[in-house]
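Asks: model this:
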Amino acid sequence: MPEPTLAGLLALLLAAALNAYVLFGGADFGGGVWDLLASGPRQRRQREVIGHAIGPIWEANHVWLILAIVLTFTCFPPVFARLGIVLHIPLTLMLVGIVLRGSAFTFRSYDDEHDAAQLRWGRIFSSASVMTPLLLGICMAR
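Replies: Got it, this is the predicted structure:
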């Protein structure tokens, strides 16, 4: 059995971080889709439950993505450069989706008034939660 190298160990850590992001991302992405599909007389209650369900994992999940980006940039610069060039458009749109998702979820959650603004933030959250995993899938398929 070959002796493990530093590059191999860093690649394993990178793979673990990406797997954690994808596995825990299901809470984020799935919550946005369920939020989009919430309807009927219990729609408001369904959205509250979604907010409570993804709340504990919401912010911490992006730490895995940041770790993966920093590891790639620091340990494998040629790979980072190539990915940044080839996937520039989907990665940029995915970043915009992540920011919109987080911002909209926060603004909607802390708006105590149930008004049109809260509905708009909910639509932005839902739309970005559908768009972001699609762009992530495009990046993975490429």
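Asks: how about the helices in this structure?
Replies: Here the chain has its helices, by DSSP state H, at 6-37, 43-75, 77-86, 88-109, 116-141.
Asks: Return the set of buried residues in the shortest one.
Replies: Right, the one you point to is helix 77-86. Neighbour-count burial for helix 77-86 flags Phe80, Leu83 (criterion: 16 or more other C-beta atoms under 10 Å). For glycine as for every other residue, the C-beta is placed from the backbone atoms N, C-alpha and C.
Asks: same deal with the second one?
Replies: Neighbour counts using 16+ other C-beta under 10 Å place 47, 50-51, 54, 58, 61, 64-65, 67-68, 71-72, 75 of helix 43-75 among the buried residues.
Asks: Relative to Arg82, which of the residues you listed is nearest.
Replies: Ranked by distance to Arg82 (C-beta to C-beta), these are led by Thr72 at 10.4 Å.
Asks: residues in contact with the closest one?
Replies: Leu14, Val79, Phe80, Leu83 (C-beta atoms under 8 Å, 6 or more residues apart in numbering).
Asks: any idea how far the first one lies from Gly97?
Replies: In this structure, Leu14 and Gly97 are separated by 22 Å, where distance is defined by C-beta to C-beta, to the nearest Å.
Asks: now swap in the last one and tell me
Replies: In this view, Leu83 and Gly97 are 17 Å apart by C-beta to C-beta.
Asks: Tell me the one of the contacts of Thr72 nearest Thr5?
Replies: Leu14 (13.7 Å).
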